[in-house]
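[1] Dropping a prediction and its sequence here:
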Amino acid sequence: MEKQVIIATKNKGKAKEFEKMFSTFHIKVKTLLDFPEAIDVEETGSTFEENAILKAETISQQYNIMTIADDSGLVIDALDGRPGIYSARYAGEEKNDEANIDKVLAEMIDIPNDDRSAKFYCALAIAIPGKETITVSGTCEGEILRERKGNNGFGYDPIFFIKDKGQTMAELPSEEKNRISHRAKAVDKLPSILQNLFFLGDQK
Ligand SMILES: O=c1nc[nH]c2c1ncn2[C@H]1C[C@H](O)[C@@H](COP(=O)(O)OP(=O)(O)OP(=O)(O)O)O1
Ligand SMILES: [Mg+2]
């Protein structure tokens, strides 16, 4: 039987990136956009890792399939790490990317240019029925601009400037984002983790 994985996300931007990044792994990828009846997991954890584990374990138990969940967000130094785990709901429960960006820009209006460092953080939890859940993470460093630039990507990408590239995340082509992003850095760690898991599993 073909190997399958569910990526436990309802975020279309994330789903697209995972489908691209997993296209070199020989595994069939589904997301929660394919499972409208999936349990709506409340993100009650106090860290990205805890929330990723909650999402991955709930869905892997519901469908008895290996499940990977992503909990990610923007961590801004001058805002003491906010919006952090609250990134998706920063301007309210309805998860509005534009309102979230507006709130960050307003809060940072008096922050000088050389104090606008931030990072994107991504925690992935891998839940496999009958095995211990594992987490990995990745980060991407940048700076918060004063206005939006670029139309690619999703979420906070238009205000996240990457010095090395001289562009925002939303100006990068998707192939480039998928090489350097926090999500890409976390996904890079998966092949060796999965190999170890299945190798150890076969020893029993
Ligand atoms: O590459 C990214 N580029 C821009 N913004 C990003 C990125 N990665 C995460 N973010 C922001 C979007 C959202 O405001 C929050 C994720 O929140 P998070 O709960 O992990 O995802 P979500 O609720 O949108 O979907 P789901 O929980 O179904 O996976 O961080
Ligand atoms: Mg979420």
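    Done, it's in. Ligands and ions are numbered 1, 2, ... in the order given.
[2] How many residues are close by the closest residue to ligand 1 within the chain?
    Across the chain, the shortest distance to ligand 1 (CB to the nearest ligand atom) belongs to Gly155, at 2.3 Å. To be clear about C-beta, it is placed using only N, CA and C from the backbone, and glycine gets the same treatment. By other CB atoms under 10 Å, 22 other residues sit near Gly155.
[3] which parts of the chain sit against ligand 1?
    9-11, 14, 43, 70-74, 87-88, 100, 120, 153-157, 169, 181, 183 (CB under 6 Å from any ligand atom).
[4] picking that back up, for the residue of the chain closest to ligand 1, report the pLDDT, please.
    The score at Gly155 is 98. That number is its pLDDT.
[5] residue contacts, the nearest residue to it once chain neighbours are set aside?
    Sequence neighbours aside, Asp97 is the residue nearest to Gly155 in space, at 5.4 Å (criterion: CB to CB, 6 or more residues apart in numbering). Residues near Asp97 by CB atoms under 8 Å, 6 or more residues apart in numbering: Phe154, Gly155, Tyr156.
[6] Tell me the secondary structure of the first one, please.
    Okay, so that is Phe154. Recorded secondary structure, Phe154: coil (DSSP: H, G, I helix; E, B strand; the rest coil).
[7] Longest helix in the chain, by number of residues?
    Taking DSSP state H as the criterion, the chain has its longest helix at helix 48-63.
[8] What residues of that one count as buried?
    Within helix 48-63, the residues scored as buried using 16 or more other CB atoms under 10 Å are 48-60, 62-63.
[9] now for it, which elements pack on it?
    strand 4-7, strand 67-76, strand 117-127, strand 134-144 (3 or more CB pairs under 8 Å, 6 or more residues apart in numbering; DSSP states H and E).
[10] who does the spatially most central residue of the chain bridge with?
    Residue closest to the mean C-alpha point of the chain, counted by CA atoms, centre = their mean, is Ser72 at 4.0 Å. Beta-bridge pairing of Ser72 under DSSP bridges involves Cys122.
[11] quick one: pLDDT of it?
    pLDDT, Ser72: 98.
[12] can you check Asn64 too?
    Asn64 is given a pLDDT of 97.
[13] Listing request: residues of this structure with sub-threshold pLDDT.
    1, 199-204 (pLDDT under 70).
[14] can we see that at 50?
    Scanning the chain for pLDDT under 50 picks out 203-204.
[15] can you redo the helices and strands packed on helix 48-63 as CSV with distance to Ile39?
    CSV is the format used below for the helices and strands packed on helix 48-63 (distance: least, CB to CB, whole Å):
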stretch, distance to Ile39
strand 4-7, 12
strand 67-76, 11
strand 117-127, 13
strand 134-144, 20
